[in-house]
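1. Below are the sequence and a predicted model for it; my questions follow.
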There are 2 protein chains.
Amino acid sequence: MITSTHNPRIAAARKLRRTQERRATGLTTVEGPFLLEEALAAGIVISEVFATEDDGAAAALCSDAGLQVTLVSERVLESLAGSVTPRGPISVIAIPDGNELEAKDTLVLWDIGDPGNAGTMVRTAAALGFQVAATHGSVDLWSPKVVRAAVGGHFRTKLITGLRAEPGELAVAGLQPVIGTALATRKAEEALGGNEPVALIIGNEAHGVPDELVNDPVVQPVSLAMPGGTESLNAGVAAGILMYLRMLQRP
Amino acid sequence: MITSTHNPRIAAARKLRRTQERRATGLTTVEGPFLLEEALAAGIVISEVFATEDDGAAAALCSDAGLQVTLVSERVLESLAGSVTPRGPISVIAIPDGNELEAKDTLVLWDIGDPGNAGTMVRTAAALGFQVAATHGSVDLWSPKVVRAAVGGHFRTKLITGLRAEPGELAVAGLQPVIGTALATRKAEEALGGNEPVALIIGNEAHGVPDELVNDPVVQPVSLAMPGGTESLNAGVAAGILMYLRMLQRP
């Protein structure tokens, strides 16, 4: 059993809490038995599983999958998770390849900063049949916090990270970029039909979408009706409504 | 300036972080200038405004509204907010009366536990023209965390707390109770028309809605389509989609 937080394998796994380290190694960590199970079902390569002695669920899961569990102390598990009551096991997994946009309905995270919002969007996208692309300025989709908030969505749809911040990239992939903004006159429900796959763009929580995006000729601005008189929806909720409206009109 | 956290007015305001105390006094606290401004615009009674000396926004707002600001030290403000970097001012406000369901479209929080989820739902409800009712088993809608997450929604729609956990109460108020559950065969978008106001019921995040609710004859179970093959949407997102679908078909 590993009881030292300085153990090199533990130190290497702990470093994966940093975005740079995840990008350099192509690895990330996931917490708990559910996400490990989802990753296994999706055929993701699992390189480490760290669990405490009394973690029966992890042991059973890994035994079925022919994976070796590395036993660690409670304190080592806490150091890996960066929280005081982590849900074991903590697994190191290979991030699936995500460079190429496919020609299918896509949710685009344009500089989304909050991991909880990003995770909720990945979760909804996976449920509603959307791939997810995120600009460089967004939170890393493979951060453990985003993965936790998406409750397995990462393993049920394709994620593309490091999108250049230009709508042309979406058009080149055959997508019709549509942007959600409170200021547009065209209603979302009237603009989400069409036979071509759409790219629904959700802007930063505080600053919305930049003007050059709204004014880009390849982008179609639409708005959600808010009869309550506010212009205020949570970004994850707005994304969910837009995706559902598109799904209802999908060819 | 109040510099002691033991000052009786400070101690009384700090106690409002407890649900019991809010129910006993009919008061709650809100953080920051935006929520104070929204409360003022809604005609809410403000009983205290605590701010630090360098909080110019609070001073200007209160001067315009004829409210007296009580200056406090940074440490006192922190003790009131229960966080290390509170956004001043902290205001004590009267909770508006919320006992009676009106005969209008209603979002019902059925034992929703997470303050962030509850706040997101209040925010969306306010934007889409729904009142919000919460069962006794739900997080208190007037908890400062819920108020913060709703970004002013509390002051733009009616909130009813302490709903008894029985659908009959909704029917008596003239509402058609509709429940969102992954297991129903009827699709949400086909069941949300109708001339009577609806009550959209959202169940607990972990346990969903209880069977007796699904099987209650006054309740109509509906489901959201999830072609991605999961049965997983965040409760706040599901609520947002259901409310939007209803709004599009509102008479």
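-> That came through fine.

2. got the contact list for residue A:205?
-> With contacts taken as C-beta atoms under 8 Å, 6 or more residues apart in numbering or on different chains, residue A:205 has the following neighbours: A:112-114, A:117, A:235. In short, each C-beta sits where N, CA and C put it, glycine included.

3. Please repeat the previous calculation with a cut-off of 6 Å.
-> Counting by C-beta atoms under 6 Å, 6 or more residues apart in numbering or on different chains, residue A:205 makes contact with A:114, A:235.

4. Can you pull up the residues of the stretch 51-200 of chain A that come close to chain B?
-> Within the stretch 51-200 of chain A, the positions near chain B by C-beta under 6 Å from any C-beta of the partner chain are A:120, A:124, A:126-129, A:151, A:156.

5. mind running it again at 8 Å?
-> Residues of the stretch 51-200 of chain A found near chain B (C-beta under 8 Å from any C-beta of the partner chain) are A:116, A:120, A:123-130, A:151-153, A:156-157, A:189.

6. The stretch 1-150 of chain A: strands as residue ranges?
-> Listed in chain order, the strands of the stretch 1-150 of chain A (DSSP state E, counting those that start in this stretch) span residues A:27-31, A:46-51, A:70-71, A:90-94, A:106-109, A:131-135.

7. For the last one, which outside residues touch it?
-> Spelled out, it's strand A:131-135. Applying C-beta under 8 Å, 6+ apart, the external contacts of strand A:131-135 come out as A:101-102, A:104-112, A:118, A:121-122, A:125, A:140-141, A:157-165, A:170, A:199.

8. For PyMOL, write the selection for the buried entries among the residues you listed.
-> Selecting in PyMOL just the buried members of the contacts of strand A:131-135, where the criterion is 16 or more other C-beta atoms under 10 Å in any protein chain shown, is done with this command:
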select buried, chain A and resi 101+104+105+106+107+108+109+110+111+112+118+121+122+125+140+141+157+158+159+160+161+163+170+199
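
9. Helix or strand: which one has the nearest residue to residue A:240 once chain neighbours are set aside?
-> Excluding its sequence neighbours, the residue lying closest to residue A:240 (C-beta to C-beta, 6 or more residues apart in numbering or on different chains) is residue B:237, at 3.8 Å. With elements delineated by DSSP states H and E, residue B:237 resides in helix B:235-248, which encompasses its position.

10. Likewise for residue A:194?
-> Under the criterion DSSP H and E, no helix or strand holds residue A:194.

11. surely it meets residue A:177?
-> No - the criterion here is C-beta atoms under 8 Å, and residue A:194 misses it with residue A:177 at 12.0 Å.

12. Those two - which one has more neighbours?
-> residue A:177 (22 against 14; other C-beta atoms under 10 Å in any protein chain shown).

13. pLDDT wise, what is residue A:182 at?
-> In this prediction, residue A:182 carries a pLDDT score of 67.

14. And residue A:63, by the same measure?
-> 90.

15. Around it, how many other residues sit close by?
-> Counted by other C-beta under 10 Å, the residues lying close to residue A:63 total 11.

16. before we move on, what about residue A:154?
-> Other residues within reach of residue A:154, judged by other C-beta under 10 Å, total 29.

17. ok, now residue A:1?
-> Taking other C-beta under 10 Å as the criterion, the count of residues near residue A:1 is 9.

18. For it, list the residues it contacts.
-> Taking C-beta under 8 Å, 6+ apart as the criterion, residue A:1 is in contact with A:53, A:71-73.
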